[in-house]
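# no sequence on this one, just coordinates:
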């Protein structure tokens, strides 16, 4: 009878990951991150948010734009697929710095930009 190594799924594993290290220079995701952070003027988005006095903090439009741009570039055509990528894909996690915008937030962002 064949002998296999035992699998124990009931265990904790701590895997330290530096999110910034996931954005390797020369890759599309690094370029998107750099351009959005350093080359684009996104101040026009500030007027859309009226939560200075009250309300919950909004996702930074830079983060949402990075998700949408990389999502479209990778063939993720729906906001639900982009939401899933933010939960499961380390590159999307790095671009969002671990934030997880939901599909309705991403869809509203895209429709508000006239990109749909």
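Received, thanks. From a predicted model like this one, the values you see are computed outputs, not experimental measurements. Numbers count the residues shown, from 1 in each chain.

# what comes into contact with the helix or strand harbouring residue 105?
In the assignment (DSSP states H and E), residue 105 maps to helix 103-113. The contact list for helix 103-113 (Cβ atoms under 8 Å, 6 or more residues apart in numbering) reads 48, 59, 61, 64-65, 67-68, 78-80, 82-83, 116. The C-beta positions use only the backbone N, C-alpha and C, and glycine is treated the same way.

# Export these as TSV, with columns for distance to residue 12.
Formatted as TSV, the contacts of helix 103-113 follow (distance: Cβ to Cβ, whole Å):
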residue	distance to residue 12
48	42
59	30
61	36
64	32
65	35
67	29
68	34
78	33
79	32
80	30
82	29
83	26
116	42
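
# Let's see the ChimeraX selection covering just the buried ones among those residues.
Filtering those down to the buried ones (16 or more other Cβ atoms under 10 Å) takes a single ChimeraX command:
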select :59,61,64,65,67,68,79,82,83
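
# re earlier: ok, and for the helix holding residue 105, which residues are buried?
Within helix 103-113, the residues that qualify as buried are 105, 106, 107, 109, 110, counting by 16+ other Cβ under 10 Å.

# Show me where this structure dips below the pLDDT cut-off.
Counting by pLDDT under 70, the ranges of the chain that qualify are 114-116.

# what's the longest helix in it?
When the chain is scanned for its longest helix (criterion: DSSP state H), the result is helix 61-73.

# for it, packing partners?
Secondary structure elements in contact with helix 61-73, counted by 3 or more Cβ pairs under 8 Å, 6 or more residues apart in numbering; DSSP states H and E, are helix 28-38, helix 79-88, helix 90-95, helix 103-113.

# tilt between it and helix 79-88?
Put simply, helix 61-73 runs at 110 degrees to helix 79-88, going by axes from the mean of the first three to the mean of the last three Cα atoms, to 10 degrees.
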